[in-house]
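Novice: A predicted structure for the sequence below; I have some questions about it.
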Amino acid sequence: MPKARGTNGKSVTDFVREWRTQGIRNVIFELPDMHGTSRSKIIPLNHVESYAKKGLNMYGGTVVLDTASSVVPSTLYNEEVNYADQYLKPDLDTAMVLPWADSTARFICDGYWEDGKPQMAAPRLMLKHLLAAVDKLGYSTTVGLEYEFYVLDPETAEPTFGGLHIFNSIRNTYVPVIEDILEQMPKAGVDIITANAEYAPSQFEINFAPAGGLAAADQAFTFKNGVKAIALQHGYNATFMTKPFPDDAASGCHIHISLQDKKTGKNLFLDTKDKDGLSKLCRSFTQGMLDHTPASMALLAPTINCYARFVPHHFAPSNVSWGVQDRTAAIRAKNSRDENTHLENRLGTGLANPYLAVAGVLAAGLLGLKKGVPAKTPAKGGPSEEQSGYKRLPLTLDAALEALQADKEYRALLGDEFVTAYTVMRQYELARFRAHITDWEKSEYLEIY
């Protein structure tokens with residue numbers, strides 16, 4: 001259960017007292033769902049302490065709603081528990097005043113059943129459980145998540161400008177919302193380090209500093225939901241949809257990760273005596289990511305639309321490969337030969353839930369450490385996507401879900417409760433998609449045939 005005080009020593013009472021002096025009227029109790037979307041209730045400040053103490057009641061199946069917010073049967077959290085309530089308990093380390101909301105603060109919460117049992121299918125709790133296993137091994141994690149997104153006209157759903165303008169100084173701030181995001185995010189504890197226009201028209205990438213495992217995911221959760229809120233205030237729709245337009249670039253989420261000795265802080269991926277500057281532990285972590293790529297894709301590329309991203313010659317992986325400073329490989333070793341040495345998993349998409357992105361990469365890497373087999377010689381001599389001998393990535397969400405269910409070691413680390421709820425929910429989405437008749441089908445077949 002959550003601790004009564006945050007790491008800074010403050011209790012809920014302390015936060016409420018402080019927020020009252022700042023003129024805060026409402027506090028949002030946020031629950032990250034399967035998609036990384038914020039589900040919440042707004043609580044007037046004078047009721048926050050009582051709800052924090054006993055838990056804020058919310059429909060227990062909220063975390064396993066699909067992308068259309070459908071109530072999905074057989075996910076363990078609906079008819080199996082008579083559609084019972086869960087109780088949201090705030091993590092006091094996530095307390096903050098939201099700079100893009102009027103007189104409003106927030107807590108990120110975890111869900112528990114009435115008997116106190118945690119909802120282990122919830123992405124945030126599942127990640128916390130996985131990070132506890134990392135801690136037992138004597139490691140800590142540093143993670144950075146790089147999200148790309150489009151800023152669109154909300155009425156036409158079209159880009160705000162055309163052409164290809166990556167890194168163009170005028171386009172970097174062509175849409176006023178970008179400068180506001182840069183101003184507001186640091187106030188929410190998101191340390192922005194770079195921002196630029198991306199490859200496609202009206203596509204952007206804004207990066208923030210890496211952090212410890214859970215803090216990194218919480219930061220990305222805040223960033224993604226904050227970007228959408230700020231854009232809406234400016235009259236735009238910011239979308240992290242992976243492939244909004246068939247002829248334009250997809251939006252990705254590159255996941256940067258390293259392990260440290262939790263006592264000394266030493267980077268365990270660094271070996272200055274190695275020809276590539278990479279430790280055996282780093283190479284074993286890499287091999288784990290490669291071995292479990294098919295299963296991890298179900299988390300890193302979670303929707304049907306995501307699989308339009310993985311095509312050759314688009315700076316997105318198309319096979320299971322790794323390379324040193326290789327942007328075409330699935331796993332890129334960033335061998336700076338110093339404490340910044342880390343691995344970059346390039347399989348994540350813009351729609352990846354940050355909690356599941358971190359968990360998906362970490363679980364695979366840990367299995368690699370357990371097996372202890374270092375990755376073989378990296379790809380060399382041209383784009384890895386053009387070299388033979390590599391396994392292909394799953395081409396569809398169906399295939400990735402099948403791989404997740406079949407990978408016994410991987411699903412054991414994530415937990416059967418999570419894997420069951422997640423796969424059933426995604427398969428429900430797939431069934432809805434298959435029942436849909438597309439405009440392409442009508443145009444292709446209706447009149448001629």
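Specialist: That came through fine. Numbering: from 1, shown residues only.

Novice: what sits against residue 421?
Specialist: Going by C-beta atoms under 8 Å, 6 or more residues apart in numbering, residue 421 touches 34, 63-64, 75-77, 121. Just so you know, the C-beta spots here come from the backbone N, C-alpha and C atoms, and that holds for glycine as well.

Novice: go on, residue 198?
Specialist: Residue 198 is in contact with 148, 166, 204-205, 249, 251, counting by C-beta under 8 Å, 6+ apart.

Novice: try residue 92
Specialist: Counting by C-beta under 8 Å, 6+ apart, the residues that residue 92 touches are 2-3, 5-6, 10-12, 15, 107.

Novice: Wait, a strand at it?
Specialist: Yes: when DSSP: H, G, I helix; E, B strand; the rest coil is applied, residue 92 is found to be in a strand.

Novice: Local confidence estimate at it?
Specialist: The per-residue pLDDT reported for residue 92 equals 97.

Novice: Please, where are all the helices along the stretch 1-150 of the chain?
Specialist: Using DSSP state H, counting those that start in this stretch, the helices found in the stretch 1-150 of the chain span residues 12-21, 48-54, 123-136.

Novice: which of these is buried the deepest?
Specialist: Greatest average neighbour count among the helices of the stretch 1-150 of the chain goes to helix 123-136 (a mean of 19), per mean count of other C-beta atoms under 10 Å.

Novice: Dump the C-alpha coordinates for that helix into PDB.
Specialist: Coordinates of each C-alpha in helix 123-136 appear next as PDB, following Å, rounded to 0.1, in the frame of the first residue of the first chain:
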ATOM      1  CA  PRO A 123       0.500  -0.700 -16.000                       C
ATOM      2  CA  ARG A 124       1.900   1.400 -13.200                       C
ATOM      3  CA  LEU A 125       1.600  -1.200 -10.500                       C
ATOM      4  CA  MET A 126       3.000  -3.900 -12.900                       C
ATOM      5  CA  LEU A 127       6.000  -1.700 -13.600                       C
ATOM      6  CA  LYS A 128       6.600  -1.000  -9.900                       C
ATOM      7  CA  HIS A 129       6.600  -4.800  -9.300                       C
ATOM      8  CA  LEU A 130       9.200  -5.300 -12.000                       C
ATOM      9  CA  LEU A 131      11.400  -2.500 -10.700                       C
ATOM     10  CA  ALA A 132      11.300  -4.100  -7.300                       C
ATOM     11  CA  ALA A 133      12.800  -7.200  -8.900                       C
ATOM     12  CA  VAL A 134      15.500  -5.000 -10.400                       C
ATOM     13  CA  ASP A 135      16.200  -3.500  -6.900                       C
ATOM     14  CA  LYS A 136      16.700  -7.000  -5.500                       C
END
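
Novice: For the spatially most central residue of the chain, give its distance to residue 181.
Specialist: Nearest to the geometric centre of the chain sits residue 354, at 1.7 Å (C-alpha atoms, centre = their mean). Per C-beta to C-beta, to the nearest Å, residue 354 is found 17 Å from residue 181.

Novice: What residues sit buried inside the helix or strand harbouring residue 368?
Specialist: Taking DSSP states H and E as the definition, one finds residue 368 inside helix 354-371. If you call a residue buried by 16 or more other C-beta atoms under 10 Å, then helix 354-371 has these buried ones: 354-369.

Novice: Taking the contacts of residue 92, please make a ChimeraX selection of just the buried ones.
Specialist: Selection command for ChimeraX covering only the buried members of the contacts of residue 92, criterion 16+ other C-beta under 10 Å:
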select :2,6,12,15,107
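
Novice: Looking at the contacts of residue 92, spot the one nearest residue 192.
Specialist: In terms of C-beta to C-beta, no member of those lies closer to residue 192 than residue 107, at 22.9 Å.

Novice: what secondary structure does the nearest residue to the residue nearest to the centre of the chain once chain neighbours are set aside sit in?
Specialist: Nearest residue to residue 354, sequence neighbours excluded (C-beta to C-beta, 6 or more residues apart in numbering): residue 220, at 3.5 Å. Classification of residue 220 using three-state DSSP returns helix.

Novice: What of the one 5 residues further on?
Specialist: Residue 225 falls in the helix class when you classify it by three-state DSSP.

Novice: What is the neighbour count of it?
Specialist: By the criterion of other C-beta atoms under 10 Å, residue 225 has 19 neighbours.

Novice: How about it, nearest residue that isn't a chain neighbour?
Specialist: residue 38 (4.6 Å).

Novice: ok, how many other residues are close to that neighbour?
Specialist: 19.

Novice: so who does the residue nearest to the centre of the chain touch?
Specialist: Residue 354 is in contact with 36, 145, 216-217, 220-221, 224, 253, counting by C-beta under 8 Å, 6+ apart.

Novice: Columns pLDDT on top of those residues, output as CSV?
Specialist: Converted to CSV, the contacts of residue 354 look like this (pLDDT from 0 to 100):
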residue, pLDDT
36, 97
145, 98
216, 98
217, 98
220, 98
221, 98
224, 98
253, 97
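
Novice: Now render those as a markdown table, adding distance to residue 340 and neighbour count.
Specialist: Formatted as a markdown table, those follow (distance: C-beta to C-beta, whole Å; neighbours: other C-beta atoms under 10 Å):
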| residue | distance to residue 340 | neighbour count |
| --- | --- | --- |
| 36 | 27 | 22 |
| 145 | 16 | 25 |
| 216 | 15 | 26 |
| 217 | 20 | 28 |
| 220 | 20 | 27 |
| 221 | 24 | 23 |
| 224 | 25 | 25 |
| 253 | 20 | 26 |
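
Novice: if we can go back for a sec, ok, then the element right after the helix holding residue 368?
Specialist: helix 397-406.

Novice: Pull out the buried residues from the very next helix or strand once past that following helix.
Specialist: The element immediately downstream of helix 397-406 (helix or strand, assigned by DSSP H and E) is helix 408-414. Going by neighbour count (16+ other C-beta under 10 Å), the buried part of helix 408-414 is 409-411, 413-414.

Novice: Which strands or helices does helix 408-414 pack on?
Specialist: With contacts taken as 3 or more C-beta pairs under 8 Å, 6 or more residues apart in numbering; DSSP states H and E, helix 408-414 sits against helix 123-136, helix 293-300, helix 354-371, helix 397-406.

Novice: Swap in 10 Å and give it another go.
Specialist: Helix 408-414 is packed against helix 123-136, helix 280-291, helix 293-300, helix 354-371, helix 397-406, helix 416-434, with contacts defined by 3 or more C-beta pairs under 10 Å, 6 or more residues apart in numbering; DSSP states H and E.

Novice: how about these in a markdown table, adding distance to residue 197 and mean pLDDT?
Specialist: Output for the helices and strands packed on helix 408-414, formatted as a markdown table (distance: least, C-beta to C-beta, whole Å; pLDDT from 0 to 100):
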| stretch | distance to residue 197 | mean pLDDT |
| --- | --- | --- |
| helix 123-136 | 30 | 97 |
| helix 280-291 | 30 | 97 |
| helix 293-300 | 25 | 98 |
| helix 354-371 | 23 | 98 |
| helix 397-406 | 30 | 98 |
| helix 416-434 | 32 | 97 |
